[in-house]
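1. Fold the following, please.
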Amino acid sequence: MGQNLRSGNSGVLPKDSGGRMLKNILTSCAVMKDFKSAFVDTAVFIYLLEDHPDFGEKAEFFFQYASVKKAQLFTTVLSYLEFCIKPYQENRESLAAIFLDFYTKLILLPASLT
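-> Numbers count the residues shown, from 1 in each chain. As a prediction, this is how the structure comes out:
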């Protein structure tokens, strides 16, 4: 973290398209102010690494914001399994490898039904 997470983006904050996009992202992330930890669901990883058109930049901002604030991020092994299904089915092992590198920097919680 602390580096460019999505391809083609060269700053901590997303590219500014007339100020609108940046304002929308900052507004939607305002509730994150001063958080110290967060659980990250699989969808957020998918949005980031697949560069989702609606949520990719928001996901990137979230991870960069967490990095700057030194927040602890948690997930489970289920996120790894859920994320990697599609890349392996589509013979995109390099994307799974990128995720694995990113994933190892998170705090893993035990997966449990209770």
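
2. which residues sit in contact with L78?
-> T42, A111 (C-beta atoms under 8 Å, 6 or more residues apart in numbering). For the C-beta atoms, the positions are set from N, CA and C on the backbone; glycine is no exception.

3. now with 10 Å?
-> D41, T42, L109, A111 (C-beta atoms under 10 Å, 6 or more residues apart in numbering).

4. Dump the helix or strand where it lies to CSV, keeping only the CA atoms.
-> Assigned by DSSP states H and E, L78 belongs to helix 77-89. What follows is helix 77-89, C-alpha atoms only, in CSV (Å, rounded to 0.1, in the frame of the first residue of the first chain):
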residue,chain,number,x,y,z
VAL,A,77,-9.1,-16.5,3.6
LEU,A,78,-12.6,-16.6,2.0
SER,A,79,-11.7,-13.3,0.2
TYR,A,80,-8.7,-14.9,-1.3
LEU,A,81,-10.7,-17.9,-2.5
GLU,A,82,-13.6,-15.8,-3.8
PHE,A,83,-11.3,-13.4,-5.6
CYS,A,84,-9.1,-16.0,-7.3
ILE,A,85,-11.9,-18.1,-8.8
LYS,A,86,-12.4,-15.9,-11.9
PRO,A,87,-8.7,-15.2,-12.7
TYR,A,88,-7.9,-18.9,-12.6
GLN,A,89,-10.9,-19.8,-14.7
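
5. and after it, which helix or strand comes next?
-> Sequence order places helix 93-103 as the next helix or strand after helix 77-89, per DSSP H and E.

6. Now do that following helix: everything it contacts.
-> 1, 5, 40, 45-46, 48-50, 63, 75, 77, 79-80, 83-88, 92.
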